[in-house]
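> sequence below, structure please.
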Amino acid sequence: MPTDGELRSAAYHGLVQEVLTLLKDGAEIEEVDEDGETALYGAAWKGQEEVARVLVKAGADKNAPNNKGRSPLYVAAEKGHRSVVRILLQAGANINAADQNGWTALFVAAHKGHDSVVRVLVNAGADINAPNKCGWTALYVAAREGHETVANQLLRAGADMDTTTKSGCSALYTATLRGHADVARVLEEAGANTALPSLDGETRLFRAAQKLRAELAAEDQAAAAHAAKVRKAASEKRLDQEEDA
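Sure, this is the predicted structure:
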C-alpha cells in the first residue's frame with residue numbers, strides 16, 4: 001500500500017508511470033497535505049500535463065480547493081499553464097470558482113498578465129465582470145498591473161470598463177494613478193468615462209494633473225540642485241585660479 005505523500009510527490013514531479021503504479025496499488029487520489037493540496041493541485045501547480053490527464057481520468061476532484069479556497073484550475077491559471085487549464089476545463093472544472101478573497105482563475109491570470117490563459121478562459125465562458133471582495137474585476141486588476149494585452153482582450157470580450165471598486169476607483173483611474181499610460185490610452189479609446197471620481201472625489205484627470213505637478217516639481221528640484229553644484233564648482237575653480245595668480 002502506498003505511503004502518505006507518495007502520490008502527491010510523484011504528481012508534482014511529473015512522474016507519469018509512478019503515478020499510474022501508485023493509483024493501481026490503491027493510493028488515495030484525494031489525499032491532501034498540510035495546505036489542503038491534492039495530487040491534482042500539485043500537478044496543476046507545476047504544469048504537469050500528462051499527470052493531470054491521468055489524475056482527471058482516474059476521477060480526481062477537479063474542483064478540490066486548498067486551505068485558501070484555491071482550486072487546481074486557479075493555480076494552473078496563476079502559473080500560466082495554459083495546457084493544464086484546458087485539460088481541467090475540458091474535464092468540467094468550475095471556471096468561476098473563487099478563493100477566499102473572491103479571486104477566480106480569470107482574475108489571477110489577468111493579475112499575472114498571462115494573456116494566453118486569459119484568452120482560453122474568456123473563450124470558455126468565464127465571468128469577465130465577477131468582482132472580488134474589494135470590488136476589483138479582472139479588467140481593473142489588469143489595468144492596475146499595467147497589462148495592456150490582457151486589458152485589450154477583456155475589453156473586446158465586453159468587460160465593463162466603468163465598474164468601480166469599493167473604494168470608488170475605475171480601471172482608467174488606477175491605470176493613470178500607477179503610470180500605465182498605454183493601458184490608460186486603451187481604456188480611453190474604448191470609451192471609458194474619464195470623469196468617474198474615486199470616493200474622495202478625485203477624478204482621473206485631477207489625479208493625473210497632481211502626479212504631473214509632482215513630477216515637474218521633482219524635476220525642478222533636481223535641476224536647481226544641479227545648477228547649485230555647477231555654480232559651486234565654478235566658484236571653487238575661480239578661487240583656485242586667483243590663488244595661483
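
> list the contacts of stretch 81-95.
With contact meaning Cβ atoms under 8 Å, 6 or more residues apart in numbering, stretch 81-95 is reached by 43-44, 47-49, 52-53, 56, 62-63, 71-73, 76-77, 104-106, 114, 116-117, 120-121, 124-127. (Glycine included, C-beta is placed from N, CA and C.)

> no no, stretch 116-128
77, 80-82, 85-86, 89, 95-96, 104-106, 109-110, 137-139, 150, 153-154, 157-159.

> tally of neighbours for Ala27?
22 (other Cβ atoms under 10 Å).

> tell me which element it is part of?
Secondary structure from DSSP states H and E places Ala27 outside every helix and strand.

> buried subset of the contacts of stretch 116-128, written for ChimeraX?
Here is the ChimeraX command that selects the buried residues among these (16 or more other Cβ atoms under 10 Å):
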select :77,80,81,82,85,86,89,95,104,105,106,109,110,137,138,139,150,153,154,157,159
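
> among the contacts of stretch 116-128, which lie within helices?
If you go by DSSP state H, these have 77, 82, 85-86, 89, 105-106, 109-110, 138-139, 150, 153-154 in helices.

> including pLDDT and distance to Ala218, could those go into TSV?
Formatted as TSV, these follow (pLDDT from 0 to 100; distance: Cβ to Cβ, whole Å):
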residue	pLDDT	distance to Ala218
Ala77	98	39
Arg82	98	42
Val85	98	43
Arg86	98	47
Leu89	98	48
Ala105	98	40
Leu106	98	38
Ala109	98	36
Ala110	98	32
Ala138	98	34
Leu139	98	31
Val150	98	31
Gln153	98	35
Leu154	98	34
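
> redo those as CSV? Include distance to Tyr12.
Output for these, formatted as CSV (distance: Cβ to Cβ, whole Å):
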residue, distance to Tyr12
Ala77, 18
Arg82, 19
Val85, 18
Arg86, 20
Leu89, 21
Ala105, 20
Leu106, 25
Ala109, 21
Ala110, 26
Ala138, 28
Leu139, 33
Val150, 28
Gln153, 31
Leu154, 32
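
> in these, which two residues are the furthest apart from each other?
Arg86 and Leu139 (22.8 Å; Cβ to Cβ).

> report the central residue of the protein.
Most central in the chain under Cα atoms, centre = their mean is His111, positioned 1.5 Å from the mean C-alpha point.

> quick check, that residue in contact with Glu145.
Yes. Counting by Cβ atoms under 8 Å, His111 sits close enough to Glu145 to count as a contact (6.1 Å).

> wait, a helix at Leu52?
Careful, residue 52 is Ala; it's not Leu. Yes. According to DSSP: H, G, I helix; E, B strand; the rest coil, Ala52 belongs to a helix.

> OK, contacts around it?
Contact analysis of Ala52 by Cβ under 8 Å, 6+ apart lists 40, 43-44, 72, 84, 87-88.
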